[in-house]
Structure formats: structure tokens, C-alpha cells
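# Take this sequence and fold it.
(one chain, ligands or ions: 1)
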Amino acid sequence: MSIRFGTDGWRAIMAADFTFANVAIVAQGIADYLLETEKAQKGIVLGHDTRFLAEQFADQVQAVLTANGIPVYRLQGPTPTPVTAYAIRALNTAGAIMLTASHNPPQYNGIKFIPEYAGPASPEITAQLEEKIGKVIAGGVNHQLPKPELVHSVDIWDKYWEHIDTIIDFNQICRIKGKIVLDPMFGAAAGKVAAKLQSCGLEVIEINGYRDAFFGGGLPEPVASRLQTLTQTVVQAKAVVGLANDGDADRFGVIGSNGEYLAPNQILSIISQYLLENGQKEGGLVRTVATTHLLDEIAGRYERKATETPVGFKYLAQEMLRRPVVLAGEESGGLSIGGHIPEKDGILANLLILQIIGATGQKPEEAWQLLQEQYGYYAFRRLDLHIENDRKNQLMQKLRNEPPLVFGQRQVLQQSLLEGVKLYLDDGSWVLFRPSGTEPVLRIYIEARSEQAYYDLIAAGEAAVK
Ligand SMILES: O=P(O)(O)OC[C@H]1O[C@H](O)[C@H](O)[C@@H](O)[C@@H]1O
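Below you'll find the predicted structure:
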């Protein structure tokens, strides 16, 4: 058996590969890594989401860590990944282990290791963990007895809110007149954000706000197709906005007051413009290769730079650690801002949207309209295509070696190979082909600068795989 610490930790189907025995192996691998770094004595934060047997799997990790002499700060109750990550800072530990399969279907579970800097593990750390885990598979786990005296039970929420209060202006949020609908998708943010907003008298409707390990019969991913109940509730209640989070609340999803789904590319742009307009003095924007170039235009308007990274918050996190950043974001629904930890935080993203509504009176769809008036037409589309590996590889190789001169009736000005193959077109539109790191699909990302280009590029993308 091999355990791969993929794009963002280890994910596997429960009872098949995600078993108590394998969880112990992974925990031992992480323990061995920590013991080698000599930081193990600072202890490890341990958090979990709302999945099936979450507490019991966390008990298993706790038993292995303490058997190895590593103190454990065990978070009480289901906890979002960003809150677990923040606990590293608050408690000054050597890192955190988070049990979650994020937005994946209910039968999955997973383990993320979050290092001391409170963001996703870098590829180097991941490689070291995989090596240690490989050794444990060969040599077995440490069978010392667990040491319950090394376990500290922690309620971290007050500390998290105290910190959020320093980067979010709740006075603005509390001015909102009208209803706010929250959809934590049965996940780890359930009840918590609602209570925080209600504490200043806001009218909050929370749907799917209880633990359901089956996530209402779907997967807890805050994309348009999974947010139909939220959309209906927003429209029926005549609410100002609908805000969703995925199962571990590191991603966000926004529904406008008109029931329109606003894609993360739109939300990242709205928030960037707001932060830059309102005095974020230092730093640029950071986006992945698959994320909207509108961020570059917005950065440029304020004489800042936008930096491009490969896909994955782990790369954005490294940029945040390197220099001041106003906002780091990715099209899959990840965002963090300067002053926060270098981990994506869907709660923070939703609060920023609320702050903008409170401060400017603009609902997200209105803010987006204004951006279009200012910067021109931008439309995005992602095609996720299930094609066999052979064909996928063939297509990628062909694009790499013989990039087309014309795509979607537009001239290809430049090809970039930072990740996958990206084609820059002569009207400012672009298209990126890249195999997913988490699903067996080829993703084609399209950003079009006119409606005509939008349809031409979708047609060309579909034709390319045929
Ligand atoms: O490789 P993909 O399937 O496109 O997924 C890419 C995504 O994977 C994980 O969810 C990471 O946490 C994200 O930061 C990243 O954007």
C-alpha cells in the first residue's frame, strides 16, 4: 500500500484505505518528521471537521503523537481548517494536524499537516512526510502507550475571533440592514459564524447548520450546482446575500441578492479592489496561473503588482511568507489577506464580502457590475473533462510541443508552461489546459474579454479534446 500526500494532504475512502491502522501510520510518519526537526516539544494542534468518526480518528492520531512524547492541543468540537491553522499561531505550536477531506464526497476522509507557519505544507515538507510514512509502512508504528497527560483540550474560537477583529471591521458589518443567509453545508463552520454575526443584532438565517456526515446527500462544495437551497432561500427571504463554506470552511461561495452565483474570480476581484481602494498600504496581489487576470489590472491601477504561481494554496502561502501581500487568491475558492495566516480561509472571505456590503452599501452583484464598467468585460469558464489518461497526456504533450498559432479564432501571442499549458490570445483572453491534481479530469480554464470570445473559446476548448 502507498499513502500519497497529494495536492493538499492525504485523502482516501473510509474503511477502504482510510482506516484506523493507516491513520496511525500517517500520524507516526508525521511524528517522526517532527521529532527530527527538534520542534516536537512545542506540541501539535489537532483538529477535525464534521465527517463520520471524526472524533475517533482524531483519538487515534492523539494516541500516536502522545505515545511519541509529543504534546497535543486537541481542539474541542468540529473546527474549520483555517481556525485549526490559526491555533498554531495562538498556541505557538510546531504545527497542526487536521482531519478533513475538505469538499470531497462523504465517503472520503483525509489528513492535512499544517507546518509551524500556519499554511499548507510546502512540496518539500510533503516529500519528507511521504518518505517518513514510507518507512513506517515498512517498519511499523511506535507501540509505546499513549500519554494522556500530554493532551490539552482547547476551545480556540475566542482567540480566532479576537484575531479576526483586528483584520475585519465588524462595525461596518453590523450596519447591514437586511437578512444574511449562511450555508455552512453541514460542515465545521456550522453555528459559529451565525452566532458571531447575531451577536451584534444582524438578521441571520442559517441553513444546513447542523452536523450531517452525509452532507445532505452530496458533497460539501460551495459551487453553483450545490448551492440551490441557498439560492432559493436568498431569493425567498429577500436577503442581501447568501454565503457558503465548504466542509472545512477553507473555501467560500457567494450568492447575490438576485440569486446569481458569483464565482471566486469575481469575489477575489471585488475584495482586492476594496482593500486597495481603502488604504492597504503595502504589498501586491498573488494569484494562481488559473485565476483571473482582472487581479493584474486592479493591482496595476493602484501601482501594485500581481504575482502568478502554480495552482494550489501552498504556492500562494509561500508568497505570503516571502513579502507583504494585500490578497492571495485562487479560482477554486481560496483566499487570504495580509495580516492573516497564509492559509485559505472561507470564513474570512465571507466576512470581507459582508464588510464591503456594510461599508459601501453595494451588494456583491452590484460591486461586480461596477468592476465591469471600470475594467471592461471579463467572463470565466472552467471545463472539467473526464478523458482517459492516455488521451490527456497526448493532448498535453501536443500542446506543449506544438502550441497552436490560432485558438478560438484568436491569435496565440504567447505560451506559458508554469503549470499545464497556457495560451495568451491577442484580445487579452487566455486559456489554460491542466490535468487536475485531485481528480481524474483535465481542466480547461477560459477567461474571455468579450462575449464572442467566450463562446469561441469554449467551442475551441471542447473541440481540442475531441
Ligand atoms: O488540482 P485541482 O483538482 O485543480 O485542485 C487544486 C486545489 O486542490 C486543493 O483543494 C488545494 O487545497 C487548493 O489550493 C487547490 O486549488
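
# How about the residues of the stretch 1-150 of the chain by the ligand?
7, 8 (C-beta under 6 Å from any ligand atom). Glycine gets a C-beta too; all of them are placed from N, C-alpha and C.

# Just give the number of residues close to residue 462.
Using other C-beta atoms under 10 Å, residue 462 has 12 other residues around it.

# ok, now which ones touch it?
Applying C-beta atoms under 8 Å, 6 or more residues apart in numbering, we find residue 462 in contact with residue 383.

# Confirm that it sits in a strand.
No - Residue 462: not assigned to a strand; according to DSSP: H, G, I helix; E, B strand; the rest coil it is helix.

# do you know how far it is from the ligand?
Applying C-beta to the nearest ligand atom, to the nearest Å, the value for residue 462 to the ligand is 19 Å.

# How about residue 283?
20 Å.

# Who are the contact partners of the closest residue to the ligand within the stretch 1-150 of the chain?
For the stretch 1-150 of the chain and the ligand, the shortest gap (C-beta to the nearest ligand atom) falls at residue 8, measuring 3.6 Å. Shown in contact with residue 8 (C-beta under 8 Å, 6+ apart): 102, 112, 120, 312, 313, 314, 438.

# For the chain, give me the ranges with low pLDDT.
1 (pLDDT under 70).

# so what are the domain limits for it?
10-160, 379-465 (automatic domain parsing).

# tell me the most buried of those?
domain 10-160 (a mean of 20; mean count of other C-beta atoms under 10 Å).

# Start and end of it, how far apart?
This stretch, domain 10-160, spans 26 Å end to end (C-alpha to C-alpha, to the nearest Å).

# same check, this time on stretch 220-229
First residue to last in stretch 220-229 (C-alpha to C-alpha) measures 13 Å.

# ok, now stretch 39-48?
Distance between the boundary residues of stretch 39-48 (C-alpha to C-alpha) amounts to 22 Å.

# Quick one: classify residue 239 as helix, strand or coil.
coil.

# What of residue 344?
coil.

# Does it touch residue 246 like I think?
No - taking contacts as C-beta atoms under 8 Å, residue 344 lies outside contact range of residue 246: 10.1 Å.

# what's the overlap in contacts for these two?
Residues touching both residue 344 and residue 246 (C-beta under 8 Å, 6+ apart): residue 333.

# What lies in contact with the host helix or strand of residue 204?
Using DSSP states H and E, residue 204 sits within strand 203-206. Here strand 203-206 makes contact (C-beta under 8 Å, 6+ apart) with 178-184, 190-191, 194, 197-198, 233, 237, 239.

# Among those residues, which one has the most neighbours?
Of those, with other C-beta under 10 Å as the count, residue 184 tops at 31 neighbours.

# which residues does that residue contact?
190, 191, 193, 206, 208, 209, 244, 245, 249.

# go on, residue 331?
Counted by C-beta under 8 Å, 6+ apart, residue 331 has contacts 263, 264, 265, 268, 288, 290, 291, 292, 380, 382, 445.

# try residue 272
285, 295, 298, 299, 326, 327, 329.

# filter those down to the ones close to the ligand.
Answer for the contacts of residue 272 near the ligand: none qualify (C-beta under 6 Å from any ligand atom).

# Now the buried members of the residues you listed.
In terms of neighbour count (16 or more other C-beta atoms under 10 Å), the buried residues within those are 285, 295, 298, 299, 326, 327, 329.

# for those, which one is nearest the ligand?
Nearest member of the buried ones among the contacts of residue 272 to the ligand, counting by C-beta to the nearest ligand atom, is residue 329, at 10.3 Å.

# Can you give me the distance of that closest one to residue 114?
Taking C-beta to C-beta, to the nearest Å as the measure, residue 329 falls 19 Å from residue 114.

# Show me the strands in the stretch 51-200 of the chain, by range?
Taking DSSP state E, counting those that start in this stretch as the test, the strands found in the stretch 51-200 of the chain are 72-75, 95-99, 108-115, 151-154, 179-183.

# The third one pairs with which strands?
Spelled out, that is strand 108-115. strand 10-13 (antiparallel), strand 95-99 (antiparallel) (DSSP bridges).
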